[in-house]
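> starting from these lines, generate the structure:
(4 chains)
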Protein chains: 2
Amino acid sequence: MAEPRWLSDAEQDAWRTFVTMLGALVDHLDRQLQRDSKMPYTYYEILVVLSHAPNRELRMSELAGLRNSSRSRLSHAVARLEEAGWVERRECPTDKRGSLAVLTDAGFAALAAAAPGHVAAVREVLFDRLTPDQVKSLGEISAIVLEGLDPDKKNLPGSPEPGR
Amino acid sequence: MAEPRWLSDAEQDAWRTFVTMLGALVDHLDRQLQRDSKMPYTYYEILVVLSHAPNRELRMSELAGLRNSSRSRLSHAVARLEEAGWVERRECPTDKRGSLAVLTDAGFAALAAAAPGHVAAVREVLFDRLTPDQVKSLGEISAIVLEGLDPDKKNLPGSPEPGR
DNA sequence: GCGTCCTGGTTGAGCACTCAACAACCAAGC
DNA sequence: GCTTGGTTGTTGAGTGCTCAACCAGGACGC
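Model prediction:
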């Protein structure tokens, strides 16, 4: 086996900073939501996606696709959200195998209550500290990396904000 | 309560792309390590940090600090690594409360075996797709965000590569 | 009709993490 | 010495995830 191509010093620096930032960022946002709104970030995103859907309902697998989540994960998650009263399951009228996840009024209210704090947190750690050029740059870099990871996935789910 | 400052369109775009990329990236790297080396990413990082330490040993809390990890998490993780034979616990000679985590030869070998694949994965999804300017930009942006999250933390643990 | 294969979704075991509680120990004051 | 308070590290319960196994129902062939 050939000697692997290790990272250059500049690459190592960038990688260490990036990966540390990444962990701290995810941790920070997750804790903020958990503390202030009693929900993990992933559940927040499920509620957001549902809030944007027509009738605030989606087939389980559509929801999983939009969330880049496995069916299993989503099934567990929706079970929790159902216990919390934020989502209901209904039978799919056109395919008896299927389930619909429906955002309840209580779920929408919980989302509406959680959103300002979450968006404020995102703004505070990210957008209020970066110049418009840096935001643009971050978007471009993210798109390039994402393209390499997920070549045929073009639909980006989930703005951080709830829908109408 | 005042109307929250929502994100601009450009910010929303950047955020969605960024957050989606982030999830996919973490997932990709974690799966690569789990598949090829039977260890989660966080355990890989513990081994890396230990491999760079003098005598390949560290106090638990130092290790936790370098890894930005809680004591509890580290304690659980080291218990697993000990089962795998990659790390040993020893008493700290100067403080009877303390424990030392010591990287074993088997642990070092496992790390050495895992490193090339991991670094190749990082290179493939990130550095081989970005220009040097973009790498520089990513590093700067990461540093700015990290500064806001972790104001007094200046030590960045963990290059992705094992030490001597 | 009937069989076969695929798809949608759920389930349960196992794993990594968090949080709170705890035991053991050090350090400082008296 | 003793007590008080902070530190170090572990433990156990609970949560969210993955993975593989599974059932139910659709889709296509015959």
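> right, is the top helix by length along chain A up against DNA strand C?
What stands out as the longest helix in chain A, according to DSSP state H, is helix A:9-37. Yes: with C-beta under 7 Å from any atom of the strand as the criterion, DNA strand C is reached by helix A:9-37 at A:Asp27, A:Arg31, A:Gln34. (C-beta placed from N, C-alpha, C; glycine too.)
> for that helix, buried residues please.
By 16 or more other C-beta atoms under 10 Å in any protein chain shown, the buried positions in helix A:9-37 come out as A:11-25, A:28-29, A:32-33, A:37.
> and stretch A:63-74, by the same measure?
Under 16+ other C-beta under 10 Å, the buried positions of stretch A:63-74 are A:Leu63, A:Ala64, A:Gly65, A:Leu66, A:Arg67, A:Asn68, A:Ser69, A:Leu74.
> would you list every one of the helices in chain A?
Using DSSP H, helices in chain A cover A:9-37, A:41-52, A:60-66, A:71-83, A:105-122, A:132-149.
> report the angle between the longest one and helix B:9-37.
Read that as helix A:9-37. Taking axes from the mean of the first three to the mean of the last three C-alpha atoms, to 10 degrees, one finds that helix A:9-37 is oriented at 110 degrees with respect to helix B:9-37.
> packing partners for helix A:9-37?
Using 3 or more C-beta pairs under 8 Å, 6 or more residues apart in numbering or on different chains; DSSP states H and E, the elements in contact with helix A:9-37 are helix A:41-52, helix A:105-122, helix B:9-37, helix B:132-149.
> now the ones you listed in JSON lines, with mean pLDDT?
Formatted as JSON lines, the helices and strands packed on helix A:9-37 follow (pLDDT from 0 to 100):
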{"stretch": "helix A:41-52", "mean pLDDT": "98"}
{"stretch": "helix A:105-122", "mean pLDDT": "98"}
{"stretch": "helix B:9-37", "mean pLDDT": "96"}
{"stretch": "helix B:132-149", "mean pLDDT": "97"}
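> for A:Thr94, see how far away the spatially most central residue of chain A is.
Centroid-nearest residue in chain A: A:Glu45, 4.5 Å away (criterion: C-alpha atoms, centre = their mean). Distance, A:Glu45 to A:Thr94, by C-beta to C-beta, to the nearest Å: 26 Å.
> can you check A:Ile144 too?
39 Å.
> so which of those two has more stuff around it?
A:Ile144 (18 against 7; other C-beta atoms under 10 Å in any protein chain shown).
> separation between that one and B:Ala10?
From A:Ile144 over to B:Ala10 (counting by C-beta to C-beta), the distance is 17 Å.
> again, but for A:Val125
Taken as C-beta to C-beta, the span from A:Val125 to B:Ala10 is 17 Å.
> for A:Val102, same thing?
Here A:Val102 is placed at a distance of 32 Å from B:Ala10 (C-beta to C-beta).
> output the residues of helix A:9-37 next to DNA strand C in CSV; the columns should cover distance to B:Ser137.
Below are the residues of helix A:9-37 next to DNA strand C laid out as CSV (distance: C-beta to C-beta, whole Å):
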residue, distance to B:Ser137
A:Asp27, 23
A:Arg31, 28
A:Gln34, 32
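> ok, now which ones touch A:Leu149?
By C-beta atoms under 8 Å, 6 or more residues apart in numbering or on different chains, the residues touching A:Leu149 are B:Met21, B:Ala24, B:Leu25, B:His28, B:Val125.
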